[in-house]
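# Next input, structure requested:
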Amino acid sequence: MVSQDKSGEQLIVVPAERLSPDALSALIVEFVTRSGTDYGRREATLAEKCAAVRTQLKHNRAQITYDPLTQTSTIMLSEDVRKFSAGRREKGTQ
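Alright, predicted model coming up:
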């Protein structure tokens, strides 16, 4: 999925299978080790956190995105990707 505005800026959804296994693992580890991430009452292990993200990606509940405006990649819930794209359309900045 690509959302594009008049200036050509895009939020690009990158299918997980397009990344090499090493790149996907590195992105997932970076994502789950960011400060401020909360996994509930019990602290999950790194392996558990990574497995949960992989499951969400596999079942399309989460997506890998690249934002050329900020030149960053992240993993977002699919619903948040839709909201983010809709918000950019409303502001005219996609």
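# CA atoms for contacts and neighbours, from now on please.
OK.
# where do the strands sit along this protein?
Secondary structure of the chain (DSSP state E): strands at 2-4, 10-14, 62-67, 72-77.
# Any chance of CSV for these, columns mean pLDDT, distance to Leu27 and mean neighbour count?
Listed next are those as CSV, based on pLDDT from 0 to 100; distance: least, C-alpha to C-alpha, whole Å; neighbours: other C-alpha atoms under 10 Å:
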stretch, mean pLDDT, distance to Leu27, mean neighbour count
strand 2-4, 49, 20, 16
strand 10-14, 86, 12, 19
strand 62-67, 94, 9, 20
strand 72-77, 93, 8, 16
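# Once you drop chain neighbours, what's closest to the most centrally placed residue in the chain?
When C-alpha atoms, centre = their mean is applied to the chain, the residue found nearest the centroid is Ile75 (1.7 Å). Setting aside the residues directly before and after it, Ile75 is nearest to Ile64 in space (C-alpha to C-alpha, 6 or more residues apart in numbering), at 4.5 Å.
# need the contact list for the one you found.
Ile64 sits next to Val13, Val14, Pro15, Ala16, Leu57, Ser73, Thr74, Ile75, Met76 when contact means C-alpha atoms under 8 Å, 6 or more residues apart in numbering.
# from those, which two are the most distant?
Using C-alpha to C-alpha, these span at most 14.4 Å, a distance reached by Leu57 and Ser73.
# about what we covered before: can you give me the distance of the residue nearest to Ile75 to Arg42?
Remark: distance between Ile64 and Arg42 (C-alpha to C-alpha, to the nearest Å) = 26 Å.
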